[in-house]
Structures are given as C-alpha cells and as structure tokens.
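*Asks:* here is a sequence together with a model predicted from it:
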Amino acid sequence: MNDLEQRIVVFAPVGKDARLIQEVLRYARLECEICALLDDVVQQLQRGAAALFVIEEGFNPEFLAELTGFLASQPTWSDLPVVVLTKQGLDSPAIRKIFEQVGNVTLLERPVRRATLVSAALSARRARLRQYEMREVDRRKDEFLAILGHELRNPLAPIRTAMDVLNTMPDTNPQLRRITQIVERQVKHLTRLVDDLLDVARITNDKVALKCEWVTVDTVLQHAVEICRPQMEAAGNALDLHQPSASVLLAGDRARLVQSLANVLGNAIKFSPPGSPIQLRAEVQGADIVFSVRDFGVGMEPETRDRIFDLFVQGQAGRASALGGLGIGLSLAQRFTRMHGGTVQVLSAGKDKGCEFVLRMPIVVEERRRRPRRDAKGPAADTEGPMRVMVVDDNIDGADMLQVMLEMDGYMVGKANDGEGAIALAQRFHPHVALMDIGLPDMQGYEAARRIHALREDDDTVFIAMTGWGHEEARRLAADAGMQHYLVKPVDLSALRRQLAEIRGRVRGAD
C-alpha cells in the first residue's frame, strides 16, 4: 500500500467544508487530497485512495454518473468506501438515491463532531487496507498459478512427445496401443486443466486479448467435437449435430471459440447418463452465431442456474467431484463469449430434466473467398538433405523424446541441455532451426538466442521458443531476443511439424 493509496480524497465544491475536513484529518495525521473540480475526483481515485469524502451538495447528476461509472469498473477485490456528509440524512430523496446506486456508503450528519469525522476516516482506511491485502493475495495466487502451469507443462511435454512417437511405430501389440491411447487421452485432459487454470489467472488480471481471425463455423464445431470425442466415446454418448448447410464465416478468436464450445460440450457429457444423446447445434440468426448444447442428464435447480458460471462452482457437487473437474470451464466459456460481445444462457426445467446452454455472439461476417488450403507434406518430404535442428532443453527426457521424433521425421538433430552448451553446439552444428527452452539452468533462453545470433553476422537460424511460460511479457522478451516463433508446452506437435515444414521449404528455396 503506497502513500497515494492511503489518502482521503475530498470533494466539497462549495463553502468551507473542504478546508475544515482537511484540517481535522491532518490533525489525526491523515493525508487529504482536496478536489475542487469533478474531473479531478475520478482522476485522483484512479491513482489510489483509502476513501472518498463528499458533501451532499456535491452529488449532482453528473457527479453521481461519473462516480458510479468508476465504482462499477473497480477490480473484484476493490470496494471503495464513500463517506457522505449530509444535513438531511435518509430523509433526503437525493441521499436515498445515492444509497441505491453507490454501494459502500457511510452517512455522517452535519454538523459533524471532530471525533466522529476522524473515527469514520480511520475505519474507512482500515477497511481499505484489508482490500489492498486481498489484492496482494490475488496477485500472489496468480503468480503461483503461472508458476504451477509452467512446472506442470515441463513434464507433460516429454510424455506427449513419447505418445506421439509410440503412435508412429508399427502397431504390433494391441495391448500396448490401447495403453498408449489411455495415456494420451489423460495427458490431453491434464493439459486442458492446466490451460484453464492459467486462463483464470490471465482473465482476472485483464491479460487476455482476443486474437481475431477469419474462421468458419464448421471448423469451430469440428475442433470442439474432436477435443471432447474421447470423453464422449468413453461415456457412450451419441452426438446429434446440426449446422448450417452453407459455409459461414466468423470474425473471432478461433482458440477461444473452440475452448468455449468444448467446455460447454464437455460439461454436458459429464452430467449425462451413459449412452444418452447430446444435441449440438449452430445456427445463424442475422449477424449472430448461436451455438446450443442440449443434454438429457441431471438438470439444474433454479438456485444452481443462478451461480453456475461463478468460478469453482460445480452443478451437482457429489457427482461433479466424482467425475473430476475444477469448476471453471463454464466460467471461462461465459467470459470468452462476453469478450466476443455475446451472452451465455442456461435453461433447465429442473432436476433430472437436462440442460441447454446457448452461446450467442455477434461475429458473423459477410461471405469472403477462402484461401485455398495448402497440401501440407511431411517435414522431410522432397528435400535435398536433412535440415539441421538444434534442441535445447534442460529437461533431459523432453529433449530426448524430441530428438527421437525429429530423427524419425528425417531431420538431423543436435542436442544441448543448457545455454553454454547450446552456444558451443551452434558454432559447430550451424542449425537451421533452434528449439529453445527459456528456463535454462545457466542463463535464460533469450540470452542464449542473442549470443548465438551474434556468432555470425549472416546468422539466419530460426528460433522457436518452447516454454511453459505463456504470458505476454515472455512472448515480448522472446521477440526482442530474435526468436521468431513461440510455442507453449506441452507443444502441439502437429503445429511444430507444420512450422518445421514451412521453414524447410524456405531453406530449400534459398539453396
């Protein structure tokens, strides 16, 4: 809590009240910021304040609108104390309106005794201090979630790579194949839980920005169904899918749209009886796209519907805990839908009568010509020699599994487990591509990339950062270090293969 956040902001635009309040509070060693103009009040509150003191005459309609707008935009931890000095108390219609709209209000009837004024200011400041302590708790919680996500992603990466390698081997043992598929499904599920945790941290800190692009409805549906297919097949649910007959183009964040729909679809599967049908529909209504997911499962009581989108809330506690989950999937679906300018609605006739979730977003765009889809060839197809790929990761299992996969794909692979080793290897190996972890034991991957770039003036090594850190600051630092691509662990191996294939094509074209 800095000095600005301990101030009492005072707005008393008429008479001598401002000066008198300042004299009394300063006698009690409470710092004041006197505001004479309406614009100054919100500006000072935005810089930080322990409380706002206002005389009744300052509450004209313009000020009330400005103040309620500021209070509505407060972060979740904040509830600014507002102390109103009034002559009429609750007998005044204006004061009753303030009570209805402002929220955390304390009334002091004038003339106010000095002790009463000081006591109200000290109480407000103590309450505000607790709020700032909660802000610090939230900050530490979000830091913990980010670090936890990073640490969980590191062991997930080699497991996922190992599964990919096993899937490419000849299927000689059906039992081994079945076990591999089970592990692969569980890794994907754990990866989704980690991503959901990190999304909660990013959203609460306003660090999620939509990356809008052109995407078709059928692509969103296909990817969401693919994510939920293992869960659906395990439960024996039949999917009843209806979508527009013509191609419909959307302007939205592909990943967030897919995630929102998959979270709702996964929730329907979780609470549906085994073997029961689930309806998934997409419909264009004007400029809106409407996705609906209908199940015939346990349903919801009205009190559950009112809070189902709150963080860490689960519909049927006993059944949800038995099926697993963190209670954040639906909250994320609602938040991402709202970020697209849309709404999420849940309908249910009651217990054991199923649920329907409706996601509506105004993101349908006019039909545009779609770029022809390129025929992606294998990474090592039609090349005049293997492309050199350097793998740098202090997770030895992760580096080993990447090496196995890349060599099976026809690449020449060099491997290092720290920054100095990577710099030495780059001097003799001259890699076309460097897959670089960020959290190396002797230096950060950013520094290693800079030093490798500096080895030769004509160095054209393409750096792909591969790290458990997914926040925007890490991406910016990677770009500043000359790292052209950024992948978050556990890496989507199909995306990595596509990137390597594209780089191979450019290298071959330059030869």
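*Replies:* Right, received. Where do you want to start? Numbering: from 1, shown residues only.

*Asks:* please settle this for me: is residue 241 part of a strand?
*Replies:* Yes - assessed with DSSP: H, G, I helix; E, B strand; the rest coil, residue 241 lies in a strand.

*Asks:* next up, the contacts around it.
*Replies:* 221, 225, 280-281 (CB atoms under 8 Å, 6 or more residues apart in numbering). C-beta here means a position set from N, CA and C on the backbone, and glycine is covered the same way.

*Asks:* and the furthest pair within those?
*Replies:* Between any two of those, the greatest separation by CB to CB is 12.5 Å, found for 225 and 281.

*Asks:* re the thing from before, lowest pLDDT pick from the contacts of residue 241?
*Replies:* Scanning these for pLDDT, the low point is residue 225. It has 90.

*Asks:* so where's the protein uncertain?
*Replies:* 1, 146, 171-172, 189, 200-208, 311-327, 366-385, 470, 508-511 (pLDDT under 70).

*Asks:* returning to that earlier point: among the contacts of residue 241, which lie within strands?
*Replies:* 280-281 (DSSP state E).

*Asks:* can you redo the contacts of residue 241 as TSV with neighbour count?
*Replies:* What follows is those, written out as TSV (neighbours: other CB atoms under 10 Å):
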residue	neighbour count
221	22
225	17
280	22
281	17
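
*Asks:* residue 248: which of the contacts of residue 241 is nearest?
*Replies:* residue 221 (10.4 Å).

*Asks:* show me where the stretch 1-150 of the chain has helices.
*Replies:* 17-27, 38-47, 61-72, 93-102, 114-168 (DSSP state H, counting those that start in this stretch).

*Asks:* reformat those as TSV; add mean neighbour count and distance to residue 463.
*Replies:* Below are the helices of the stretch 1-150 of the chain laid out as TSV (neighbours: other CB atoms under 10 Å; distance: least, CB to CB, whole Å):
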stretch	mean neighbour count	distance to residue 463
helix 17-27	17	57
helix 38-47	16	40
helix 61-72	14	44
helix 93-102	14	53
helix 114-168	17	17
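
*Asks:* these: which one's closest to residue 460?
*Replies:* Nearest to residue 460 among these is helix 114-168; the distance by CB to CB comes to 26.5 Å.

*Asks:* whichever strand or helix holds residue 267: how far from the chain's middle?
*Replies:* Using DSSP states H and E, the element containing residue 267 is helix 254-270. Taking CA atoms, centre = their mean, to the nearest Å, one finds helix 254-270 lying 14 Å from the centre of the chain it belongs to.

*Asks:* list the buried residues of that helix.
*Replies:* 254, 256-270 (16 or more other CB atoms under 10 Å).

*Asks:* please parse the protein into its domains.
*Replies:* The chain breaks down into these domains under automatic domain parsing: 4-136, 213-361, 388-510.

*Asks:* among the ones you listed, which comes closest to residue 151?
*Replies:* domain 388-510 (6.9 Å).

*Asks:* how far out from the middle of the chain is the closest one?
*Replies:* 26 Å.

*Asks:* out of the domains of the chain, which is closest to residue 167?
*Replies:* domain 388-510 (10.0 Å).

*Asks:* where's residue 344, which helix or strand?
*Replies:* strand 343-347.

*Asks:* angle of the next helix or strand after that strand against helix 254-270?
*Replies:* Proceeding N to C from strand 343-347, the next assigned helix or strand is strand 355-361, under DSSP H and E. When axes from the mean of the first three to the mean of the last three CA atoms, to 10 degrees is applied, the directions of strand 355-361 and helix 254-270 differ by 170 degrees.

*Asks:* following the chain onward from strand 355-361, which element is next?
*Replies:* Taking DSSP H and E, what comes next after strand 355-361 is strand 388-392.

*Asks:* alpha carbons of that next one, as CSV, please.
*Replies:* Provided in CSV are the C-alpha atoms of strand 388-392 (Å, rounded to 0.1, in the frame of the first residue of the first chain):
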residue,chain,number,x,y,z
ARG,A,388,19.6,-29.3,-39.0
VAL,A,389,17.5,-28.8,-35.9
MET,A,390,19.1,-28.0,-32.5
VAL,A,391,17.1,-29.0,-29.4
VAL,A,392,17.9,-27.0,-26.2
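
*Asks:* can you show me the CA trace of the helix or strand that that strand is followed by as CSV?
*Replies:* Scanning forward in sequence from strand 388-392 by DSSP H and E, the next helix or strand is helix 396-408. This file holds the C-alpha atoms of helix 396-408, laid out as CSV (Å, rounded to 0.1, in the frame of the first residue of the first chain):
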residue,chain,number,x,y,z
ILE,A,396,16.6,-34.4,-20.5
ASP,A,397,13.6,-36.6,-21.1
GLY,A,398,11.9,-33.9,-23.1
ALA,A,399,15.0,-33.3,-25.2
ASP,A,400,15.5,-37.0,-25.8
MET,A,401,11.9,-37.5,-26.9
LEU,A,402,12.0,-34.6,-29.3
GLN,A,403,15.2,-35.9,-30.8
VAL,A,404,13.6,-39.3,-31.4
MET,A,405,10.6,-37.8,-33.0
LEU,A,406,12.6,-35.3,-35.2
GLU,A,407,15.0,-38.0,-36.3
MET,A,408,12.1,-40.3,-37.3
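
*Asks:* what residues sit buried inside the strand holding residue 344?
*Replies:* Going by 16+ other CB under 10 Å, strand 343-347 has these buried residues: 344, 346.

*Asks:* kindly indicate which of the buried residues of helix 254-270 lies nearest residue 217.
*Replies:* Closest to residue 217, out of all of the buried residues of helix 254-270 and judged by CB to CB, is residue 257, at 9.4 Å.

*Asks:* rewinding a little: between the domains of the chain, which one is nearest to residue 160?
*Replies:* Between the domains of the chain, domain 388-510 lies closest to residue 160; by CB to CB that is 4.3 Å.
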